[in-house]
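**Student:** predicted model, plus sequence, below.
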Amino acid sequence: MASSTLKAVILVAVVVVGVVLLRNAFPESTGAPIGSGATGTTSPTPTGSPTVEPSASLHPAGQVRVQVLNGTTVLGLAADVTITLRADGYKTGVPQNAPTTNKTTIYYQDGYQANAEALAEKRFPGARIRKAPGSVPQRINIQVILGKDFQPS
């Protein structure tokens, strides 16, 4: 009997943690799904050469919304990384899948290049850093696409 009670307590704890994680994954109602900026494309492809921002100021993590996409075959990797980034203080978007890619890439919106570089240094060493293409929603300041080269820290 004690085994059944323990299982029930664990199940309730897992459900509570799941609800908390889901509530934190959807902190604000925006009306449009994440990723709705692209139609008919399978992966963001930057065009032109990267530009240097005139003032590269670092925003506090709590003011930066990061979305993680899984471009690997490891199930749940984007969700795991999203939890890590949330623990680092970032606001996070809903983790999603992306087409498989070899190289981890960090896309940043105008004004967030310094944050993208700091994030790459701390969590994604060796990642490519690029200005965000139009397929990255404007409400996402930084989008990370995990590649096969990603090594969790």
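**Tutor:** Done, it's in.
**Student:** pLDDT score for Ser57?
**Tutor:** pLDDT recorded at Ser57 is 89.
**Student:** so how far is Lys103 from it?
**Tutor:** 27 Å (CB to CB, to the nearest Å). Yep, even glycine has a C-beta here, placed from its N, CA and C like the rest.
**Student:** pick out whichever of these two has more residues nearby.
**Tutor:** Each of Ser57 and Lys103 has its neighbours counted (other CB atoms under 10 Å); Lys103 has more, 14 against 10.
**Student:** relative to Asp88, how far out is Leu77?
**Tutor:** Distance of Leu77 to Asp88, given as CB to CB: 17 Å.
**Student:** contact partners for the residue nearest to Gly62 when sequence neighbours are not counted?
**Tutor:** Nearest residue to Gly62, sequence neighbours excluded (CB to CB, 6 or more residues apart in numbering): Gly89, at 5.3 Å. Residues near Gly89 by CB atoms under 8 Å, 6 or more residues apart in numbering: Pro60, Ala61, Gly62.
**Student:** work out for me the element the closest residue to the first one other than its chain neighbours sits within.
**Tutor:** Across the structure, with CB to CB, 6+ apart as the measure, the residue nearest Pro60 apart from its sequence neighbours is Gly89 (7.7 Å). Taking DSSP states H and E as the criterion, no element holds Gly89; it sits outside all helices and strands.
**Student:** got it, and the one 10 residues further on?
**Tutor:** Under the assignment given by DSSP H and E, Pro99 is not contained in any helix or strand.
**Student:** next one: it from Pro133, what distance?
**Tutor:** The separation that Pro99 has from Pro133, given CB to CB, amounts to 14 Å.
**Student:** the more surrounded of the two?
**Tutor:** Using other CB under 10 Å as the criterion, Pro99 and Pro133 rank with Pro133 on top: 16 against 11.
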